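> Okay, sequence plus prediction incoming.
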Amino acid sequence: MAVLLPPDAFEPQTALLSDKVLGEARCWLGTPYQHQASLKGVGCDCLGLLRGVWRAFYGDEPETAPDYSSDWAETGGQENLLTAGRRWLVERAKEVAEPGDVLVFRWRDGSPAKHVGILSTPITAAPHIIHAYERVGVIESPLVPAWQRRIATVFSFPEID
């Protein structure tokens, strides 16, 4: 059974943890895209990738992900992704995003955040992210300026005891 701590007990990840996060995320490269799935090498969506990386370091997921349709953000209008992230991850300023951090994106201004990826190279250089992309699978791709403008928030994984 996982021990659940309140978010204010968490510290941002260290360089060592960020290297481990990137190593684990890269192990998922090539996993096919499958909506709501989270099984390395078999299938996952963007949230499934994040859930799988979490399990690699913390064990059981802290809460069960609810069923969700592919248009959940457009039909629900709630910030479910950001709310859950704030419960279990450490929110950081976008300006200090580092490799290993979780980036959360909005597809359109005013719409709820709907996509996540893990920053794999510094945002100040030629940034890349690891994410599960529909019809493609888990890839490491450039974080182009159009995507950078869509970052809603940045989270770090909490330190491992």
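Alright, I've got the coordinates. Numbers count the residues shown, from 1 in each chain.
> For the chain, which segments count as helices?
Under the criterion DSSP state H, helices of the chain are mapped to 15-27, 46-58, 72-76, 80-88, 145-148.
> Distance to residue 101, mean neighbour count and mean pLDDT added to these, as TSV?
Placement of C-beta: from N, CA and C, glycine included. Formatted as TSV, the helices of the chain follow (distance: least, CB to CB, whole Å; neighbours: other CB atoms under 10 Å; pLDDT from 0 to 100):
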stretch	distance to residue 101	mean neighbour count	mean pLDDT
helix 15-27	7	17	93
helix 46-58	12	21	96
helix 72-76	21	14	59
helix 80-88	11	17	93
helix 145-148	13	12	94
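> so which of these gets nearest residue 159?
Residue 159 lies closest, by CB to CB, to one member of the helices of the chain: helix 15-27, at 6.5 Å.
> Contacts for that closest one next, please.
13, 40, 49, 52-53, 56-57, 98-101, 118, 120, 130, 140, 156-157, 159-160 (CB atoms under 8 Å, 6 or more residues apart in numbering).
> give me every residue that touches the closest residue to residue 82 other than its chain neighbours.
Once flanking residues are discounted, residue 82 sits nearest to residue 113: 5.2 Å by CB to CB, 6 or more residues apart in numbering. Counting by CB under 8 Å, 6+ apart, residue 113 touches 73, 79, 81-82, 104-106, 152-153.
> ok, so of these, who is nearest residue 135?
Of all the contacts of residue 113, residue 105 has the smallest distance to residue 135: 17.2 Å, by CB to CB.
> list the contacts for that closest one?
Taking CB under 8 Å, 6+ apart as the test, what residue 105 contacts is 113-117, 147, 150-152.
> Which one of those is nearest to residue 68?
Top of the list for closeness to residue 68, among the contacts of residue 105 and by CB to CB, is residue 114 at 10.0 Å.
> how many neighbours does residue 128 have?
By the measure other CB atoms under 10 Å, the count of residues near residue 128 is 20.
> I meant residue 37, not that one.
Residue 37 has 18 nearby residues by other CB under 10 Å.
> Without its sequence neighbours, what residue ends up closest to it?
Among residues not flanking residue 37 along the chain, residue 43 sits closest, at 3.9 Å (CB to CB, 6+ apart).
> Could you report the separation of residue 107 from residue 156?
23 Å (CB to CB, to the nearest Å).
> er, residue 57 actually
Using CB to CB, residue 57 is found at 12 Å from residue 156.
> Also residue 37?
On the measure of CB to CB, residue 37 and residue 156 end up 25 Å apart.
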